[in-house]
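A.B. asks: Dropping the sequence and predicted coords here.
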Amino acid sequence: GQTREHALLAFTLGVKQLIVGVNKMDSTEPPYSEPRFEEIKKEVSSYIKKIGYNPAAVAFVPIS
């Protein structure tokens, strides 16, 4: 999806640092569900690691 494309493009263009905004967290059930946030964080971390980023150095921020 778009997240994967943008992460790959950022890495290709030499972007060294990322912040990942996890959107629509107010739409989860219950709103701002921490387990859902962690699930998304795990999935995105796995992908950005394959690209070449260090997931431990990437900030994940829940937003609405």
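C.D. replies: Cool, the structure landed. Numbering: from 1, shown residues only.

A.B. asks: So which residues of this structure form helices?
C.D. replies: Using DSSP state H, the helices of the chain run over residues 2-12, 34-51.

A.B. asks: What sits closest to Ala59 if chain neighbours are left out?
C.D. replies: Spatial nearest neighbour of Ala59, excluding adjacent residues (Cβ to Cβ, 6 or more residues apart in numbering): Ile19 at 4.7 Å. Yep, even glycine has a C-beta here, placed from its N, CA and C like the rest.

A.B. asks: List the contacts of the one you found.
C.D. replies: Contact analysis of Ile19 by Cβ atoms under 8 Å, 6 or more residues apart in numbering lists 58-59, 61.

A.B. asks: Of the residues you listed, just the buried ones, PyMOL syntax please.
C.D. replies: Buried subset of those, written as a PyMOL selection, criterion 16 or more other Cβ atoms under 10 Å:
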select buried, resi 58
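
A.B. asks: if you look at the contacts of Ile19, which of them are in strands?
C.D. replies: Residues of the contacts of Ile19 located in strands (DSSP state E): 59, 61.

A.B. asks: Would you mind giving the contacts of Ile19 as CSV with distance to Val44 added?
C.D. replies: Compiled in CSV, the contacts of Ile19 are given as follows (distance: Cβ to Cβ, whole Å):
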residue, distance to Val44
Val58, 8
Ala59, 12
Val61, 12
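
A.B. asks: how near is the residue nearest to Ala59 to Asn54?
C.D. replies: 14 Å (Cβ to Cβ, to the nearest Å).

A.B. asks: low pLDDT regions in this structure?
C.D. replies: Scanning the chain for pLDDT under 70 picks out nothing.

A.B. asks: With that, I have no additional questions.
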